[in-house]
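Peer 1: return a 3D structure for these sequence lines:
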Amino acid sequence: MRRYFYLWAGLTVLFALFLRLMVARDLLANDPQVVAPSVCTDMYTYKKYSEDIVRGDYEGEFYYQPFYYVAFLPVVKWLFGFGPWPLIFSQCLISAATVWISIVSCSMLWGRRAGIISGLLVALSSVMIMYVPYHLVDTLQAFWVILVFYTVMKCCSGTYSRVSGVLGWGLAGVFTGLGILTRGNMWFFVPGLALCSVVSTWRRENSSLFRLLPAVVYLAMVILPQIPFSLRNTVVTGKLCGPSTAAGAVLALGNTPEAPPGGREPGMGPGPMEYPETYSYWMSTEESFPVWKRILAWVTREPAAFAELQWRKLLLFWDRREIPNNIAIEHQGLMSPLLQIFGLIPGDVVIVPGGKITVIPMNIVPASVILLVLGLSGVLSSVAGCLVCAARYLRKSAAGVSGSARGFTSVGIREQVLLYLVLSYCAGTVAFYILARFRLPVLPLLAVFAGGFLDRLLKIFSKGALSIRMCLALLASFFAVNFGYDFYRSQLESGIMRIARPHGVYCFSSGGSAVLKDNGPYTFGLWEPLELHEGVPIEKLFNPPGDVASVGGDGNLCIELVWALPGDILLEVDGKSYRLREVEPVRKKYEFAVSLDAPVSVVIRPLRMDARVYVAVDRQRNYSRTLVDGEKYPGELVCNLHIP
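Peer 2: Below you'll find the model as predicted:
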């Protein structure tokens, strides 16, 4: 391996480039989204804005992070035209360069065999291959992420002179700044890397000025590329702005009391995310009450509820499933035979009324599972190693023994940088919401961890030995990736919700009224139908928070009915009779006036049912506050209680 390393590395990169070009050709032929994206997607926005900039027609502020559609795409389209192949070839080259940097970075840390393993994992990543031909930022951001790591690792090697080291940190700052201009979650890289620049030069420099100079240069170069875009936004909006004005919307989408942990249910194919009613209210009042203040107010009011939502997002970040949005692995991933073969995407034929369709069994993509399991194993093993080193260092310090633990050597610092980048990227994604395309850019870093972990495991096994720490990390990762989120949602979530959210979800609607409900979101929920039967009452109890428990008066109960078989029904809701009629199958929301006198309880009694009508119940919530025919139901009725 040592003798032919560059040959194997080169072949891996060429294979990755060829595979991406061939898959892109298949997707170009079979998916119109490559050339003409749907108007409701980010792909359409990026494509339109970049072409407007080339024509000189772009006006207004930069809403999204601008580098991709203001700099990268316009340069490609200006030089080579508006057709699909300039973009495809450019992003294929970037993705192949990502493979190369992954190989080199991993080999610097853990050896050449580890580097080749890392490169193969990136080259065969089905998600990274699939995203290449589309107008999406993720291929470019993956390149920035691995390039930042490589540059920082070189700066920490200790082989540079004083001037070269400062220049190296300046270059790392430029790459970080461009990464932030591609997607803002790379801001989470900045604090740790600035600290790393100080730590890596502390022992080599006697002067405090030169100890701090790399950090100053790094931070300056992070900010410098963002200044022109910030100035334009400030001029256009008339107030001080950063390079993007979408921060509030992105924060609100994943951090309201109603928010689901992910954007869209896996297996549903491409499409829009769920936009909770609270999101609309927060955005409509953003000028007077910024989103970050609303999130802070919610954290202050319900810290356990906020922490629980972040925990669900964290579990979903490491879950094996690829959460769809603009494109989906279960849709576009089946449009290329090469991608199915080399990207390890299984396909089963299912008979449906209209004929046959191909689906991914249980939405499992083995290539993603392998990379995530091995990458997370490397992360956990590294965390355990850092904790052991820290414990040894503290024991030596307490005993007055001089010397440093392994974690403070140059190799240890580089491994800790890799760990920090993975964890900070994870935190920067969890802080917003989870989508497959948001997770994609960290996959090269996980491949570096995976290559090192697998190489070390093979070395240990070849000696007939066994590493308990690595085996435990592998088992824990396998469980977390394959079963962690499902185990939590099916076994633990409802019980934890009773502790974290004893009153259910309490928020405000776009009309300004308070809303109380016990059900969770539809996305990543467990909603199922419950048929209304004549004479079988459904009682819904509510437990308002202390500051609204004694409001009294009247409110409104909003509930959605699904008419499977249309006709007439007569409902009694809170003692009042309502005759409802539909002439065709439909899902429709109804509002009923109810009393808010304590204890708040609403009884829905079907008096006559000349139709087949269903309500929804959420089996992932169980406060014992929904009763069917007097018996506690193992779930909660999906409805909203509006309190004026």
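Peer 1: separation between A297 and A247?
Peer 2: 17 Å (C-beta to C-beta, to the nearest Å). For every residue, glycine as well, the C-beta is placed using N, CA and C.
Peer 1: if I pick the closest residue to S424 other than its chain neighbours, what's in contact with it?
Peer 2: Leaving aside its chain neighbours, S424 sits nearest to F188 (4.1 Å; criterion: C-beta to C-beta, 6 or more residues apart in numbering). F188 makes contacts with 424-425, 427-428, 431, as judged by C-beta atoms under 8 Å, 6 or more residues apart in numbering.
Peer 1: mind doing that once more with 6 Å?
Peer 2: By C-beta atoms under 6 Å, 6 or more residues apart in numbering, F188 lies in contact with 424, 427-428.
Peer 1: of these, just say which sits nearest to V379.
Peer 2: S424 (12.1 Å; C-beta to C-beta).
Peer 1: so what does the helix or strand that contains I499 touch, helix or strand wise?
Peer 2: Using DSSP states H and E, I499 sits in helix 493-500. The contact analysis (3 or more C-beta pairs under 6 Å, 6 or more residues apart in numbering; DSSP states H and E) places helix 493-500 against helix 303-317.
Peer 1: quick one, strands of the protein?
Peer 2: 348-352, 355-359, 505-508, 514-517, 527-531, 538-541, 554-573, 576-582, 586-595, 601-618, 626-628, 631-632, 636-637, 639-643 (DSSP state E).
Peer 1: just the buried residues of the contacts of F188.
Peer 2: The neighbour-count test (16 or more other C-beta atoms under 10 Å) marks 424, 428 as buried among these.
Peer 1: can you add pLDDT and distance to C106 and give the contacts of F188 back as JSON lines?
Peer 2: Shown next, in JSON lines, are these (pLDDT from 0 to 100; distance: C-beta to C-beta, whole Å):
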{"residue": "S424", "pLDDT": "97", "distance to C106": "19"}
{"residue": "A427", "pLDDT": "96", "distance to C106": "23"}
{"residue": "G428", "pLDDT": "95", "distance to C106": "22"}
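Peer 1: count of neighbours near D57?
Peer 2: With neighbours defined by other C-beta atoms under 10 Å, the count for D57 comes to 10.
Peer 1: give me the most central residue, the protein.
Peer 2: Central residue of the chain (C-alpha atoms, centre = their mean): I434, 2.2 Å from the mean position.
Peer 1: residues contacting it?
Peer 2: Contacts of I434 by C-beta under 6 Å, 6+ apart are 262, 313, 316-317, 323.
Peer 1: likewise for Y281?
Peer 2: Contacts of Y281 by C-beta under 6 Å, 6+ apart are 508-510.
Peer 1: just L253 next, same as before
Peer 2: Contacts of L253 (C-beta under 6 Å, 6+ apart): 279, 433.
Peer 1: cutoff 10 Å now
Peer 2: Residues near L253 by C-beta atoms under 10 Å, 6 or more residues apart in numbering: 259-260, 263, 273-276, 279, 282-283, 291, 432-433.
Peer 1: repeat for D31
Peer 2: 37, 133-134, 270, 327, 331-332, 335-336.
Peer 1: please apply the same query to F317.
Peer 2: Per C-beta under 10 Å, 6+ apart, neighbours of F317: 261-262, 323, 372, 425-427, 429-430, 434, 438-439, 442, 485.
Peer 1: hmm, which two among these are most spread apart?
Peer 2: The largest separation in these, counting by C-beta to C-beta, is between Y425 and Y485 at 18.8 Å.
Peer 1: looking at A297 and A247 now, which is surrounded by more residues?
Peer 2: Taking other C-beta under 10 Å, A297 and A247 do not tie; A247 has more neighbours (16 against 11).
Peer 1: quickly note the distance from that one to N255.
Peer 2: 12 Å.
Peer 1: give me the common contacts of the two.
Peer 2: Contacts common to A247 and N255, judged by C-beta under 10 Å, 6+ apart, are 291-292, 432.
Peer 1: can you give me the neighbour number for the closest residue to A500 other than its chain neighbours?
Peer 2: Spatial nearest neighbour of A500, excluding adjacent residues (C-beta to C-beta, 6+ apart): A304 at 4.0 Å. A304 sits with 14 neighbouring residues when counted by other C-beta under 10 Å.
Peer 1: ok, A304 touching H503?
Peer 2: No: contact criterion C-beta atoms under 10 Å: A304 and H503 do not qualify, at 11.6 Å.
Peer 1: what distance do you get for the residue nearest to the centre of the chain to Q91?
Peer 2: Where Q91 is concerned, I434 sits at a distance of 23 Å (C-beta to C-beta).
Peer 1: likewise F432?
Peer 2: 23 Å.
Peer 1: neighbour count winner among these two?
Peer 2: Q91 (24 against 20).
Peer 1: pretty sure the more buried one sits against F143.
Peer 2: Yes: here Q91 reaches F143: they are 9.3 Å apart, a contact under C-beta under 10 Å.
Peer 1: between helix 303-317 and the longest helix along the chain, find me the angle.
Peer 2: For the chain, the helix with the greatest residue count under DSSP state H is helix 366-399. Taking axes from the mean of the first three to the mean of the last three C-alpha atoms, to 10 degrees, helix 366-399 and helix 303-317 form an angle of 120 degrees between their directions.
Peer 1: as a whole number, average confidence for helix 366-399?
Peer 2: Helix 366-399 shows an average pLDDT of 87 in the prediction.
Peer 1: mind listing what's buried along it?
Peer 2: 367-382, 385-386, 389, 392-393.
Peer 1: what is it packed up against?
Peer 2: helix 112-123, helix 126-130, helix 410-430, helix 436-439, helix 443-462, helix 468-479 (3 or more C-beta pairs under 10 Å, 6 or more residues apart in numbering; DSSP states H and E).
Peer 1: so how far is that helix from its chain's centroid?
Peer 2: Centroid separation for helix 366-399 versus its chain: 23 Å, with C-alpha atoms, centre = their mean, to the nearest Å.
Peer 1: go through the contacts of L253 and name the one nearest C106.
Peer 2: Nearest member of those to C106, counting by C-beta to C-beta, is F432, at 28.3 Å.
Peer 1: disregarding residues adjacent in the polypeptide, which is nearest to that closest one?
Peer 2: Nearest to F432 is G254, by C-beta to C-beta, 6+ apart, at 4.9 Å.
Peer 1: on the pLDDT front, check that neighbour for me.
Peer 2: pLDDT at G254 comes out at 91.
Peer 1: ok, it - contacts?
Peer 2: 260-263, 273, 276, 279, 295, 309-310, 313, 429-435.
Peer 1: hmm, P585 is touching W563, no?
Peer 2: Yes: between P585 and W563 there is a contact under C-beta under 10 Å: 5.5 Å.
Peer 1: what is in contact with these two at once?
Peer 2: 611-612.
Peer 1: of the two, who's got more company?
Peer 2: W563 (20 against 12).
Peer 1: how far off helix 112-123 does the longest helix of the chain point, in degrees?
Peer 2: 130 degrees.
Peer 1: relative to helix 468-479, how tilted is helix 366-399?
Peer 2: Using the same axes, to 10 degrees: helix 366-399 against helix 468-479 is 140 degrees.
Peer 1: helix 366-399 vs helix 410-430, what angle?
Peer 2: 120 degrees.
Peer 1: possible to save the contacts of Y281 as TSV with pLDDT, distance to R621 and neighbour count?
Peer 2: Formatted as TSV, those follow (pLDDT from 0 to 100; distance: C-beta to C-beta, whole Å; neighbours: other C-beta atoms under 10 Å):
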residue	pLDDT	distance to R621	neighbour count
F508	86	20	19
S509	81	19	18
S510	75	23	14
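Peer 1: ok so, going back, now that we have the contacts of G254, which of them are buried?
Peer 2: Going by neighbour count (16+ other C-beta under 10 Å), the contacts of G254 have 260-263, 273, 276, 279, 295, 309, 313, 429-435 buried.
Peer 1: follow-up on the earlier one: of the contacts of D31 - the most surrounded one?
Peer 2: P133 (30 neighbours).
Peer 1: tally of neighbours for the residue lying closest to A480 once chain neighbours are set aside?
Peer 2: Spatially, and ignoring its direct neighbours in sequence, A480 is nearest to W318 (5.5 Å; C-beta to C-beta, 6+ apart). When counting by other C-beta under 10 Å, one arrives at 20 neighbours for W318.
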